[in-house]
Every structure is written in structure tokens, then in C-alpha cells.
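Student: A predicted structure for the sequence below; I have some questions about it.
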Amino acid sequence: MRKGVVMRATKETEVEVELDLDGRGVSTISTGIGFLDHMLDLLARHSRINLVLKAKGDLHVDHHHTTEDVGIALGQAVRQALGDMKGITRYANVHVPMDEALTRVALDVSGRPLLVFKTEFLRDKVGTFDTALVQEWFQAFAMNSGLTLHVATLYGSNDHHIAESCFKGLARALRAAIAIDPSAANEVPSTKGSLGT
């Protein structure tokens, strides 16, 4: 059972995450940030990860702490659920369009976290959400999930669509990379015999 449960509490936020990597993409999400809820809902849907996520944060300050801590907790839950990573496909590379925007996401479930983020936004905000926080979320998620993650938006003119193509790209790449390879179900996909060490 590839499941993860994480509770993270600081003076700035409280985040609770429960997930099942082998789900159907069903989610219940409440962060107090509508745009982030939307991005996480489509992440769950397109990755087929069942996700329950609740967050309370200092939104009277801004959205930064909540967004970052949600990325941290969700990343930790994914890493926990992956366990010893036996049988996973490990690598994935996808191109995902969202109307006029196109984003490439490549990842390695390596246990060695790294983010390369080559996406630019045209405006500072989508609604009330700071577009700079998209990269902050991806950074927090990659560092805590143990992913080597490359995100590059090739083009786009609508910031909502650009962000959505990034999250959908992550979802589809994650779905492929964490899938069990039937031909190597009991093997760790590494010449070292382990991942993340």
C-alpha cells in the first residue's frame, strides 16, 4: 500500500496531507487559497493520486508561507508513500498543452532533489495569487519528494494557462514515473541497488 500521511505545524501554518499513490485521482483540498486549491485538484486528478489536504496559514500576511508549506508537506507524503521505490518506472518526460501554453516536464524519482524551472509569467498575479509562488511551490515539492524535476514552459500568453500546464505536466510525468513496471516489480531501478543514497 503506497500511502503517505504528513502533519506539519509551524507558527505560520498547519498542513495535513493524506495520499494514496495508487488511487483514482479523487481529492478533497482546502488551503484557503482558491488558485492553489485548483492547481492541486488537477494535480491529483491527472496523476491519479488520491489526496486529502487541509491547510491553515497566515493568509493575512500573504500566500507565501501556506503555498510553500503545502509543497513541503505534499512532497514529504509522496516520498513516504514511495518507500524503497522498488518496481517504479522512475523516469518520465511529457509535453502538456493548456490552450496556447505548452510546458515540458521531465523528472527522475531519484531521491536526489533538484529543480530546474524555466517558466516565465507575464504578470505578477493570477487573481490574488502571486505568480512567483508557482516556482516556490515546485521548489518545496521537489526538495521534499526527492525528485529531480525539470519544468520548462516553451510558450504561452495566459498566466493561468501557463501555471496549469506546469501542474498538469507534473501530474502526468509523476503518474508515469511512479507506475510499477511489471517486468521489474521487485527491483530498485538503479545500478546502485538503492535510490536516494
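Tutor: Great, that's in hand.

Student: contacts and neighbour counts: CA atoms only from here.
Tutor: OK.

Student: quick one: the helices in the chain?
Tutor: For the chain, the helices defined by DSSP state H occupy 34-47, 64-82, 132-145, 159-177.

Student: can you lay out these as JSON lines showing distance to residue 4, mean pLDDT and mean neighbour count?
Tutor: Below are the helices of the chain laid out as JSON lines (distance: least, Cα to Cα, whole Å; pLDDT from 0 to 100; neighbours: other Cα atoms under 10 Å):
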{"stretch": "helix 34-47", "distance to residue 4": "14", "mean pLDDT": "98", "mean neighbour count": "20"}
{"stretch": "helix 64-82", "distance to residue 4": "5", "mean pLDDT": "98", "mean neighbour count": "24"}
{"stretch": "helix 132-145", "distance to residue 4": "11", "mean pLDDT": "98", "mean neighbour count": "22"}
{"stretch": "helix 159-177", "distance to residue 4": "15", "mean pLDDT": "98", "mean neighbour count": "24"}
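
Student: would TSV of the ones you listed with distance to residue 120 be doable?
Tutor: TSV is the format used below for these (distance: least, Cα to Cα, whole Å):
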stretch	distance to residue 120
helix 34-47	17
helix 64-82	18
helix 132-145	9
helix 159-177	9
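
Student: minimum distance to residue 16: which of these has it?
Tutor: helix 64-82 (7.5 Å; Cα to Cα).

Student: and that closest one, what does it pack against?
Tutor: With contacts taken as 3 or more Cα pairs under 8 Å, 6 or more residues apart in numbering; DSSP states H and E, helix 64-82 sits against strand 3-9, strand 13-20, strand 50-57, helix 132-145.

Student: and residue 47, how far is that from residue 168?
Tutor: Distance, residue 47 to residue 168, using Cα to Cα, to the nearest Å: 8 Å.

Student: now do the contacts for residue 65.
Tutor: Residue 65 sits next to 12, 13, 57, 58 when contact means Cα atoms under 8 Å, 6 or more residues apart in numbering.

Student: of these, which is the most crowded?
Tutor: Neighbour tally across the contacts of residue 65 (other Cα atoms under 10 Å): the maximum, 24 neighbours, falls on residue 57.

Student: for residue 65, see how far away that residue is.
Tutor: Going from residue 57 to residue 65 by Cα to Cα gives 7 Å.

Student: report the set of residues contacting both of these two.
Tutor: Counting by Cα under 8 Å, 6+ apart, the common neighbours of residue 57 and residue 65 are 12, 13.

Student: excluding chain neighbours, what is closest to residue 89?
Tutor: Residue nearest to residue 89 in three dimensions, not counting chain neighbours: residue 177, with 4.9 Å by Cα to Cα, 6 or more residues apart in numbering.

Student: appreciated, that's everything.
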